[in-house]
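Q: Got a predicted model here, sequence first, then my questions.
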Amino acid sequence: MTSWWLALRYFGSFRRFFNLSTTLAVLGMAIGVASLVVSMAVFSGYVSTLEKTVQDAVGHILIIKRGSADQNEMLKEIQPLVKGRKAETPFIYVEAILAHKGRINGVIVEGVDLSTVHKVLNLKDRVIAGTFDLEPNGSAEPNVLIGKGIAAKFNLKVGDVFRIVVPLSTEFQSASFRPKLGKFKVAGIVNFGRYDFDTRYVVMSIAQVQDFAEMGKKITGYRFKIDDPYEARAISAEVGNKFGSAYWSRDWQEVNRNLFEAAKLEKAVLFVVLMILVVAAAFNIANTLFVSVVQRYRDISVLKTLGATDSFVRSIFTAQGLMVGAVGAFLGITIGLILCRLVEWAQVRWQLVPAEVYKLDHINLDVQFSDLLIITGVSLAVCFIATLVPSRRGSRISPVEGLRYE
């Protein structure tokens, strides 16, 4: 502890601590650490935001019967395999074409069960205009929800009426189709949080889709919510093994598996790349210590004359370097947290994330305590390594050499 006390006494002077060399070393370390904090928060936030949006819009497990299925029979078959089940909701998928004011676009019409959908999906909280009102209203145009991308492309607002065309097989020739046209009214606009959903999804009640697509009481499949979302992959695989090609099962992680895997890999790679900044700052710390050794020749000699060992002198300069690194790391974390706030503010003001590339139009930055610990620990370890050579040089000074120039 004496070595740390001596190092602290040396830094007790404001003028000595904030000389040019030490200031540059601290700023270099702060810049490197701040870059690491922001980059790790961005990648952690990207993964957590993507996970939340997928679970909100898809659920934990998606199970589809090949063709179409009876609702009660399907649930009876698959329910025993879904361990930890909290809730389920049936749904219908229908591919269609949306037409409005001379423009057309392919869309996915999804029918949801109004009594159970909110137990599995979190669509109500994602309505950004209008309301989640899909109940029959007695009018000629049933209420539907549309993604905000569709609303922007067709300039649709709450209360507007548009047309949807679905292809239906003819009665005698299943290979030929006849179009069926329906008019619908926008009850609400939804921000699904995913570019592909926002630009393609139209949501209406399951009864309305069954009637419009002439499906009777058939459904496409079920969405499940379970206790542990990370058990969804094992359950999905078990359903596939049990029923083979009769059912198609997909868990929420598989929906964007390539993006999840890429984000984890890029986070590790970027951490290594940005550590180069910390290593460069460590060279500044080493340079500062070399200068300190030269300036403290006389003090080192006096300590040696009083009986200080080489390891004691070495520990003084090691403590000095770690103090510089610790101040730089603390300042860097502070700057990094401030920059994270600025990035989130900038996302609200400007469109920083290209949604068509990353599937998200906004990232909620996630500063994880474990990331901060790793960044601080690795930064101080690099600083410690940087102090080894100058501290060894200082410890090898003999009392005669140090007093020769006095």
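A: Nice, thanks for sending it over.

Q: so which strand or helix has Lys183?
A: Lys183 belongs to strand 177-190 when elements are defined using DSSP states H and E.

Q: The helix or strand following that strand - what's its average pLDDT?
A: Counting by DSSP H and E, the next helix or strand C-terminal to strand 177-190 is helix 195-198. Mean per-residue pLDDT for helix 195-198: 82.

Q: same for the helix or strand just after helix 195-198, what does it pack against?
A: The element immediately downstream of helix 195-198 (helix or strand, assigned by DSSP H and E) is strand 201-205. Here strand 201-205 touches strand 103-112, strand 143-147, strand 177-190, going by 3 or more C-beta pairs under 8 Å, 6 or more residues apart in numbering; DSSP states H and E. All C-beta spots, glycine's among them, are computed from the backbone N, C-alpha and C.

Q: where along this structure do the strands fall?
A: Here the chain has its strands, by DSSP state E, at 61-70, 85-100, 103-112, 127-130, 143-147, 161-169, 177-190, 201-205, 218-226, 247-251.

Q: ok, of those, where does mean pLDDT dip lowest?
A: Sorting the strands of the chain by mean pLDDT places strand 61-70 lowest, at a mean of 75.

Q: Quick check: buried residues in the strand holding Lys183?
A: Gly182, Phe184, Lys185, Val186, Ala187, Gly188, Ile189, Val190 (16 or more other C-beta atoms under 10 Å).

Q: Next one: the fourth one relative to Val94, how far apart?
A: In other words, Val186. The gap separating Val186 from Val94 is 18 Å, by C-beta to C-beta, to the nearest Å.

Q: The protein - how does it break down into domains?
A: As given by automatic domain parsing, the domain ranges for the chain are 2-53+259-403, 85-226.

Q: closest to Ile64 out of those?
A: Ile64 sits nearest to domain 85-226 of all these, at 3.6 Å, using C-beta to C-beta.

Q: Do me a favour and get the end-to-end distance for the closest one?
A: This stretch, domain 85-226, spans 4 Å end to end (C-alpha to C-alpha, to the nearest Å).

Q: helices or strands next to the strand holding Lys183 in the packing?
A: strand 127-130, strand 143-147, helix 148-154, strand 161-169, strand 201-205.

Q: between those, which gets nearest to Val272?
A: Nearest to Val272, of all those, is helix 148-154, at 36.2 Å by C-beta to C-beta.

Q: by contact count, what packs against that closest one?
A: Packing partners of helix 148-154 (3+ C-beta pairs under 8 Å, 6+ apart): strand 85-100, strand 103-112, strand 177-190, helix 195-198.

Q: Any idea how far the second one is from the middle of the chain?
A: Averaging C-alpha positions (C-alpha atoms, centre = their mean, to the nearest Å) puts strand 103-112 28 Å from its chain's average.

Q: Identify the spatial nearest neighbour of Lys264, chain neighbours not counted.
A: Val47 (7.2 Å; C-beta to C-beta, 6 or more residues apart in numbering).

Q: so who does the one you found touch?
A: Contacts for Val47 (C-beta atoms under 8 Å, 6 or more residues apart in numbering) come out as Phe260, Ala263, Lys264, Asp366.

Q: Distance to Val209 and pLDDT added to these, as a markdown table?
A: Output for the contacts of Val47, formatted as a markdown table (distance: C-beta to C-beta, whole Å; pLDDT from 0 to 100):
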| residue | distance to Val209 | pLDDT |
| --- | --- | --- |
| Phe260 | 30 | 73 |
| Ala263 | 34 | 73 |
| Lys264 | 37 | 75 |
| Asp366 | 37 | 81 |
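
Q: any chance of the helices and strands packed on helix 148-154 in CSV, with distance to Phe312 too?
A: Conversion of the helices and strands packed on helix 148-154 to CSV gives the following (distance: least, C-beta to C-beta, whole Å):
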stretch, distance to Phe312
strand 85-100, 62
strand 103-112, 73
strand 177-190, 68
helix 195-198, 62
